[in-house]
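J.: Fold the stuff below for me.
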Amino acid sequence: MAVDNVSSIDELNYLPEMPEHPRNIVSIGTGGIVQGSHYPAYKLAGYPVVACFDQNLETAEKAASSFGVPKVCKSIAELVDVAEKTDAVYDIAVPANCTADILRQLPDGAGVLMQKPMGESISEAREILSICHSKSLTAGVNFQLRQSPYMIAARDLIAKGVIGEIVDIDHRLVGTQPWNLWPFLFPKDRVEINYHSIHYIDNIRSLIGDPTAVWCKTMQHPKMRELAQTRTSIIMDYGPDLRANLHINFNHDYSKKYQESTLKIEGLKGAIRVKLGLMYDYPEGEPDRVEYVTYADNGEWQELPVRGSWFNEAFIGTMGGLMKKLDDSDYEYMNSVEDAFHTMCVVEACYQSSSEGGTPVDYAQE
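T.: Numbers count the residues shown, from 1 in each chain. Coordinates of the predicted model:
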C-alpha cells in the first residue's frame, strides 16, 4: 500500500517527543488523572517518579503505593528539597486556579509541566506566563491530544503532502460524560470549553496555527442545570478557504448507537478521519480508528495501524518534550507555555463570543 510521498505506511511517525536521557519526576497533585494516565504513561516511557505531594495525604500514599513512588512528601517545600537533590522536573496536576500559587513556590530555573487548562481565564493565563518568565522556568502545559500517536501520524501525513493543502476541519462529539468524576467543576462558571473542548481547540491549532477570530455558543442543558455548560459550538476563522468547526454535545444519553467522537481533516488531495475511541461511553471507550483517502487511491479509504492512544500514550510526549527542552534550549517544544498561552487566548475569545451573543435577526416587513 503506497501513498503520495510515502513509500510505506510503516514510515509514518507515531513516536512522541522523548529525551535521550530521562529525568526524575516529582508530582504535585496525585488525583485521578495522575493515577489514571500520568503515572502509567511515565512507566511506559521509563520516566522515574521519585516523590509526590498531595494536600490529601491519603491520596498521595495510595498513588505512591500503587506505582512504586519511593517518597511521599508532606509539603511542597519538602518536595522541592527532594527535586533539587535528584535533579527532577515538576509535574503539576491541580485545579487550574491553584497553579500560579504553586509555581511561585518552585525554585528559579526549574522544569515544570502543568496540567491543562493554563488557568481558568486569560488573566490567570497571563499571570502563569509572567511567573514562568520571571522565574526562568522551562515550562509546558499538558495539552496531550496533539501528542497522541494517531495525531502524530496524521500530522506526518499532512507534512508529507499526502492530503494536500488543508481546507476543512470538523471535530464532532456526541455522547455523555460522567461529570460526577470531577466534583470540583460543579461550582465553576466556565466548564465545557475550559475543561474539555480546549483539547480540540489546541489540537486544531497544532495542525493549522492560530485563528484570527471565533464564533461560539456554549450552554447548559435543561437536564443538567448543576453545570454551567455541557454543549458547545465553535467556528474558528482561518480566512475564506479554510473552515474549522467544533460541535460538542455531552447530553446525548439515549444509547451508544449514535455516539460520535470524530476528527475529519480534508485537503485538496485527500482526507483523514480519526475516531477518538476514548470518548465513546467514557471512560470505558472503544478502539481508536484512523483512516485516510486520496484521489490517487481512487477514493478507497485506507486504514492506518493504531499504535497507542490518547490515554495513556499521549502523556509521554508532553513530559518527554519538556525533558528534551531542558537538555537543549534551542529545541522547539510543541507544548511550551508560550504556545499554550495562544490556546488560552482562543478559549477566552470563545467565552467572549458566547457572552456577547449572535447578530439579531431583523424580521421587519417594512
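J.: For the stretch 51-200 of the chain, which segments count as strands?
T.: 89-92, 111-115, 138-142, 166-174 (DSSP state E, counting those that start in this stretch).
J.: Reformat those as CSV; add distance to residue 35 and mean pLDDT.
T.: Quick note: C-beta positions are derived from backbone N, CA and C, even for glycine. As requested, these are exported to CSV (distance: least, C-beta to C-beta, whole Å; pLDDT from 0 to 100):
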stretch, distance to residue 35, mean pLDDT
strand 89-92, 12, 98
strand 111-115, 13, 98
strand 138-142, 15, 98
strand 166-174, 25, 98
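J.: Quick one: closest of these to residue 75.
T.: The closest of the strands of the stretch 51-200 of the chain to residue 75 is strand 89-92. By C-beta to C-beta, the value is 14.2 Å.
J.: Who does the closest one pair with, and is each partner parallel or antiparallel?
T.: Sheet pairing here is set by DSSP bridges, and for strand 89-92 it gives strand 25-28 (parallel), strand 111-115 (parallel).
J.: In that strand, which of the residues would be classed as buried?
T.: Neighbour-count burial for strand 89-92 flags 89, 90, 91, 92 (criterion: 16 or more other C-beta atoms under 10 Å).
J.: Can I get those in CSV including distance to residue 217?
T.: Formatted as CSV, the buried residues of strand 89-92 follow (distance: C-beta to C-beta, whole Å):
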residue, distance to residue 217
89, 39
90, 37
91, 35
92, 32
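J.: What is the neighbour count of residue 221?
T.: By other C-beta atoms under 10 Å, the residues close to residue 221 number 14.
J.: residue contacts, it?
T.: Neighbour list for residue 221: 230, 231, 250, 251 [criterion: C-beta atoms under 8 Å, 6 or more residues apart in numbering].
J.: And these, which of them are buried?
T.: Judged by neighbour count, with buriedness set by 16+ other C-beta under 10 Å, the buried members of these are 230, 231, 250, 251.
J.: just to revisit the earlier point, nearest to residue 344, of the strands of the stretch 51-200 of the chain?
T.: It's strand 138-142; of the strands of the stretch 51-200 of the chain, that one is closest to residue 344 (C-beta to C-beta) at 8.6 Å.
J.: what ranges of this structure fall below the confidence cut-off?
T.: Within the chain, the ranges that satisfy pLDDT under 70 run 1-10.
J.: So which residue is smack in the middle of it?
T.: Most central residue of the chain, judged by C-alpha distance to the mean C-alpha position with C-alpha atoms, centre = their mean, is residue 143 at 2.8 Å.
J.: hmm, back to that, export the buried ones among the contacts of residue 221 to a markdown table and append columns for secondary structure.
T.: Putting those into a markdown table (DSSP: H, G, I helix; E, B strand; the rest coil) gives the following:
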| residue | secondary structure |
| --- | --- |
| 230 | coil |
| 231 | strand |
| 250 | coil |
| 251 | strand |
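J.: Including distance to residue 149, could those residues go into CSV?
T.: Putting the buried ones among the contacts of residue 221 into CSV (distance: C-beta to C-beta, whole Å) gives the following:
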residue, distance to residue 149
230, 29
231, 29
250, 25
251, 30
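J.: in the stretch 51-200 of the chain, which spans are helices?
T.: With DSSP state H, counting those that start in this stretch as the definition, the stretch 51-200 of the chain shows helices at residue ranges 57-67, 76-86, 99-104, 122-134, 149-159, 192, 198-208.
J.: Any chance you could list what contacts the second one?
T.: It stands for helix 76-86. With C-beta under 8 Å, 6+ apart as the test, helix 76-86 has contacts from 24, 26, 28, 50-53, 71, 73, 88-90, 102, 105-107, 110.
J.: what's the answer for the last one, then?
T.: Counting by C-beta under 8 Å, 6+ apart, the neighbours of helix 198-208 from elsewhere in the structure are 116-117, 143-146, 151, 154-155, 158, 166, 169, 171, 173, 193, 211, 234, 236, 238, 242, 244, 246, 248, 263, 265, 334, 339-340, 342-343, 346-347, 350.
J.: Name the nearest of the contacts of residue 221 relative to residue 318.
T.: For residue 318, the nearest member of the contacts of residue 221 is residue 250. The distance, counting by C-beta to C-beta, is 24.3 Å.
J.: does the closest one really touch residue 175, like I thought?
T.: Yes - taking contact to mean C-beta atoms under 8 Å, the distance of 6.7 Å between residue 250 and residue 175 places them in contact.
J.: tally of neighbours for residue 67?
T.: Residue 67: 18 surrounding residues under other C-beta under 10 Å.
J.: Can you name the residues that contact it?
T.: Applying C-beta under 8 Å, 6+ apart, we find residue 67 in contact with 35, 39, 43, 49.
J.: so how far is residue 14 from it?
T.: Here the distance between residue 67 and residue 14 works out to 25 Å (C-beta to C-beta, to the nearest Å).
J.: what do you get for residue 52?
T.: Note on residue 52: its distance to residue 14, by C-beta to C-beta, is 30 Å.
J.: neighbour-wise, which of these two wins?
T.: Neighbour count, other C-beta under 10 Å: between residue 52 and residue 14, residue 52 has more, with 27 against 18.
J.: Report how many residues lie close to the nearest residue to that one once chain neighbours are set aside.
T.: Counting by C-beta to C-beta, 6 or more residues apart in numbering, residue 52 lies nearest to residue 27, which is 4.1 Å off, once chain neighbours are set aside. Residues within reach of residue 27, counting by other C-beta under 10 Å, total 27.
J.: Now do the same contact list for residue 27.
T.: Contact criterion C-beta under 8 Å, 6+ apart gives 34, 38, 49, 51, 52, 53, 63, 69, 90, 91, 92, 93 as the residues in contact with residue 27.
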